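Student: Sequence and predicted structure are below.
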Amino acid sequence: MQVLVLEPNALAAEMMAGLLARRGAAVAWTRTTAEADALIAARGMPALLVTERRLGTERGEMQFGGDDYAARLEGRAPGLRVLFAACDGGFALRPSEHRSVLPKPFTPQQLLEAARRLAPALFPPG
């Protein structure tokens, strides 16, 4: 797995994962941080995490926010690239060449361009 899409909305997750997979990356998607942890334990750390900033609740239990979850993973894998697909695109983001924000709504082309900027080796032009 090169890319992990963490998005509570299954339709949005499938759209993002499908687009990135068609561009050649090995992509998996999940709706919760618990599922993401299990996937990472089974397949290894991704090179790129695409996540919603606000993940909401799972069965009434609050998940980590996408930004908190990303920070936790970055502690384990400092080179991890993170693309926040965010409804609140103006949130304070720690400046980094490894992190970027893509405000929702976005087009498939905007998603691909943002992913390519963060992880160009995963998405060669063409």
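Tutor: Received it, and whenever you're ready, just let me know what you need. Residues are numbered from 1 along each chain as shown.

Student: Let's verify the spatially most central residue of the chain: helix, strand, or coil?
Tutor: With the centre of the chain defined as its mean C-alpha position, the nearest residue by Cα atoms, centre = their mean is residue 50, 1.0 Å away. Classification of residue 50 using DSSP: H, G, I helix; E, B strand; the rest coil returns strand.

Student: That one: what's it in contact with?
Tutor: 3, 4, 5, 6, 7, 16, 20, 82, 83, 85, 115 (Cβ atoms under 8 Å, 6 or more residues apart in numbering). From N, CA and C alone the C-beta is placed, and that goes for glycine too.

Student: What's the local residue count around the last one?
Tutor: Spelled out, that is residue 115. 25 (other Cβ atoms under 10 Å).

Student: Check residue 24 too.
Tutor: 12.

Student: show me the contacts for it.
Tutor: So residue 24 contacts 122, 123, 124 (Cβ under 8 Å, 6+ apart).

Student: from the residues you listed, which has minimum pLDDT?
Tutor: Among the contacts of residue 24, residue 124 carries the weakest pLDDT, at 81.

Student: To which secondary structure element type does the nearest residue to that one once chain neighbours are set aside belong?
Tutor: Using Cβ to Cβ, 6 or more residues apart in numbering and skipping the chain neighbours, the partner closest in space to residue 124 is residue 24 (7.1 Å). At residue 24 the chain is in coil, as set by three-state DSSP.

Student: Going along the chain, name the helices of this protein.
Tutor: Chain-ordered helices for the chain, with DSSP state H as the definition, fall at 10-22, 33-43, 66-76, 108-118.

Student: which residues does the residue nearest to the centre of the chain form a beta bridge with?
Tutor: Residue 50 forms beta bridges with residue 5, residue 83, as assigned by DSSP bridges.

Student: Give me the buried entries from the contacts of residue 24.
Tutor: Buried members of these, counted by 16 or more other Cβ atoms under 10 Å: 122, 123.

Student: Make TSV from the contacts of residue 24 and add distance to residue 65 to it.
Tutor: Shown next, in TSV, are these (distance: Cβ to Cβ, whole Å):
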residue	distance to residue 65
122	25
123	26
124	32
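
Student: Between the contacts of residue 24, which sits nearest residue 108?
Tutor: residue 123 (12.6 Å; Cβ to Cβ).
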